[in-house]
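[1] structure for this input, please:
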Amino acid sequence: MHLKERIKGFITILPILFLLAAPVETMGSPFGKVIDLLTGNPIKGAIVGLNHKVVLTDENGFFPFQITDAKLSVRAYGYKKTEEFIKSSSVIPIAKPGSPLVVGLVPFTPKGLYLSFYGIGDRTIRESALKLAQENGLNALVIDVKGDRGMIPYKSNVPLSSQIGGQRIITVRDINDLMRSLKEKGIYTIARIVVFKDNLLATARPDLAIKNQRGEMWRDRENLAWVDPFMKEVWSYNIEIAIEAAQLGFDEIQFDYVRFPDDGSPIFSMPNTLENRVRAVTGFVSEAKNRLAPYNVYLGADVFGYVFWNQNDTNIGQRLEDLAPHVDYLSPMLYPSGFQFGIPGYRTPVSNSYEIVYLTLKRAQERTNLPSVRFRPWLQAFRDYAFDKRYFGDKEISDQIHAANQFGSHGWMLWNPSNAYTSAGLRRGKALDRLVLWSSRDSS
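    Okay, here's the model as predicted:
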């Protein structure tokens, strides 16, 4: 049976599993089980939500289950999330004692493109990205929910956004219609939220802004102001935006600029020490994870590539070992152009795209002992700016994709700030991975 046919068959059976393979009292407690829908194997550590309570499955995929009218939500690393509304009146114990309610998850690997605040609202750009995705096996979009300039592209119910001018320009007129359309196309949706780089909030609320040595508002090289990562009000604002995105149906929340500026001169509300910086960044992400727990949504964070190599916090508050436990997916920005000093053995990153991606991911895995599915890198799909100004075409892009696939990451995402994507590297990358697959089969 072909894979698509197997999946179709399982999906047909799934509602029956929910209704008939119902939990019965076993040792005084009903229970459920989460399995891989294709293999039938139990999934350890799946995240199960019921009535705003969250539990993890044990090594055999089991979790306690309370029979009540409620929405059961389940997700696990490397799988599509699922939801099912359970009515206690429809839960009919089957004949075999001790049978659990069985929930099946489908393995899923996101391969996506980034669309900016303006890109997602521009029909031509959006449709071009979706057409490219369809023709090349891509299945995900990273969408600016709060972009680099602090604006939200759709009508938001977060009051502070309107108060500071975050709703001044609306590029997506009907976010619910857009989300419905993307889901119908099978697109995995990732909400990118730029956190501490927020010119709108800093300008409207100078009390939340980072200051320079003269006590004035500090600005970065783009002349944009940032907010203070120590301020809890800043935390709450961004988490409220994340919660709204989760309610809209985004599959994943991805925090970007969840860090301090890469400049040692600004003044903050607390001493700018390594431990304080790390505590602020991990504290924010931990708080976000706790508040997003009732929602069936994954949590990711964008990380500087050198964070995976440096033992300290790279002076921005991102220390790998501290950040990793608080997110589902770590997304390092592995643009070869961003590795100014190269990596050990490779001093010209743009000529060694494969090695930059693969070795950096391996380094992170060695340090964290996390499975490869906990990483999903950003890859470079724009012209080099740091070395020889080369265009990133077939070889450079496909080498990066091939490296991510070889490592076994949870997919990958292409970054082009102008959203100008082509098929360059996409078909070649797929061909390289098919060649490796055939080679491994021949040698087995």
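[2] the helices in the stretch 201-350 of the chain, which residues?
    Here the stretch 201-350 of the chain has its helices, by DSSP state H, counting those that start in this stretch, at 232-248, 274-292, 320-323.
[3] tell me who's in contact with the closest residue in space to residue 175 that isn't next to it in sequence.
    Spatial nearest neighbour of residue 175, chain neighbours left out: residue 154 (3.7 Å); criterion: C-beta to C-beta, 6 or more residues apart in numbering. In this view, the C-beta of every residue, glycine as well, is placed from N, C-alpha and C. Shown in contact with residue 154 (C-beta atoms under 8 Å, 6 or more residues apart in numbering): 170-175, 178.
[4] and residue 154, that's in a strand?
    No. Counting by DSSP: H, G, I helix; E, B strand; the rest coil, residue 154 is not found in a strand; it is coil.
[5] if I look at it, how far off is residue 143?
    Distance check for residue 154 against residue 143: by C-beta to C-beta, to the nearest Å, it reads 10 Å.
[6] what about the residue nearest to residue 171 when sequence neighbours are not counted, which helix or strand?
    What sits nearest to residue 171 in space, not counting adjacent residues and going by C-beta to C-beta, 6+ apart, is residue 121, at 2.6 Å. Counting by DSSP states H and E, no helix or strand carries residue 121.
[7] next, count neighbours for residue 121.
    Neighbours of residue 121 under the rule other C-beta atoms under 10 Å: 20.
[8] per-residue pLDDT, it?
    Predicted confidence (pLDDT) for residue 121: 97.
[9] is residue 156 in contact with residue 170, as I believe?
    No. Using C-beta atoms under 8 Å, residue 156 makes no contact with residue 170, being 9.4 Å away.
[10] who's more crowded, those two?
    Each of residue 156 and residue 170 has its neighbours counted (other C-beta under 10 Å); residue 156 has more, 22 against 14.
[11] now do the domain split for the chain, please.
    With domains defined by automatic domain parsing, the chain comprises 3-105, 111-443.
[12] distance from the chain centre to the longest one, please.
    With C-alpha atoms, centre = their mean, to the nearest Å as the basis, the distance from the averaged C-alpha position of domain 111-443 to the chain average is 8 Å.
[13] ok, and the closest non-adjacent residue to residue 231?
    Nearest to residue 231 is residue 208, by C-beta to C-beta, 6+ apart, at 5.2 Å.
[14] give me the number of neighbouring residues for that neighbour.
    The number of residues packed near residue 208 is 20, by other C-beta under 10 Å.
[15] the residue nearest to residue 171 contacts residue 152, correct?
    No. Using C-beta under 8 Å, residue 121 is not in contact with residue 152, being 11.3 Å away.
[16] middle-most residue in this protein, spatially?
    residue 300 (3.8 Å; C-alpha atoms, centre = their mean).
[17] you'd agree it is up against residue 255?
    Yes. Contact criterion C-beta under 8 Å: residue 300 and residue 255 qualify, at 7.2 Å.
[18] rewinding a little: what's the least confident stretch among the domains of the chain?
    The weakest mean pLDDT among those belongs to domain 3-105, with a mean of 71.
[19] could you measure from the nearest residue to residue 392 once chain neighbours are set aside over to residue 255?
    Excluding the flanking residues, the one nearest residue 392 by C-beta to C-beta, 6+ apart is residue 380, at 5.4 Å. Residue 380 is 21 Å from residue 255, where distance means C-beta to C-beta.
[20] residues making contact with stretch 199-207?
    Applying C-beta under 8 Å, 6+ apart, the external contacts of stretch 199-207 come out as 149-151, 160, 163-166, 208-210, 217, 224-227, 234, 237.
[21] cool, stretch 228-243 as well?
    Residues outside stretch 228-243 that contact it (C-beta under 8 Å, 6+ apart): 145-146, 152, 156, 158, 160-161, 191, 193, 195-196, 198, 201, 208-210, 227, 253, 255, 259-260, 268-270, 276-277, 280-281, 283-284, 287-288, 291-292, 295, 317.
[22] helix/strand/coil for residue 54?
    Following three-state DSSP, residue 54 is assigned to strand.
[23] what are the bridge partners for it, then?
    Assessed by DSSP bridges, residue 54 has beta-bridge partners residue 49.
[24] let me see the contact set for it.
    By C-beta under 8 Å, 6+ apart, the residues touching residue 54 are 47-48, 293-294.
[25] quick check: residue 221 vs residue 173, distance?
    Where residue 173 is concerned, residue 221 sits at a distance of 34 Å (C-beta to C-beta).
[26] quick one, which of the two is more surrounded?
    With neighbours defined as other C-beta under 10 Å, residue 221 and residue 173 compare such that residue 173 has more, 11 against 8.
[27] what about stretch 138-156, how long is it end to end?
    29 Å (C-alpha to C-alpha, to the nearest Å).
[28] before we move on, what about stretch 311-324?
    The first residue of stretch 311-324 is 14 Å away from its last residue (C-alpha to C-alpha).
[29] give the buried residues for that stretch.
    Residues 313-320, 322-324 are the ones in stretch 311-324 that count as buried (16 or more other C-beta atoms under 10 Å).
[30] what is the most widely separated pair among those?
    Greatest spatial distance among these (C-beta to C-beta): 315 and 324, at 18.8 Å.
[31] now the strands for the stretch 1-150 of the chain?
    Secondary structure of the stretch 1-150 of the chain (DSSP state E, counting those that start in this stretch): strands located at 31-36, 47-50, 53-56, 62-64, 70-75, 82-86, 101-105, 111-115, 140-146.
[32] for the next helix-or-strand element following the last one, name the packing helices and strands.
    Elements were assigned by DSSP H and E; along the chain past strand 140-146, the next helix or strand is helix 159-163. Using 3 or more C-beta pairs under 8 Å, 6 or more residues apart in numbering; DSSP states H and E as the contact criterion, the secondary-structure elements in contact with helix 159-163 are helix 232-248.
[33] buried ones in the helix it packs on, by neighbour count?
    Judged by neighbour count using 16+ other C-beta under 10 Å, the buried positions of helix 232-248 are 234-246, 248.
[34] what's the answer for stretch 50-57, then?
    Neighbour-count burial for stretch 50-57, counted by 16+ other C-beta under 10 Å, picks out 50, 54, 57.
[35] looking at it, the last one is touching residue 36, isn't it?
    Meaning residue 57. No. Taking contacts as C-beta under 8 Å, residue 57 lies outside contact range of residue 36: 11.9 Å.
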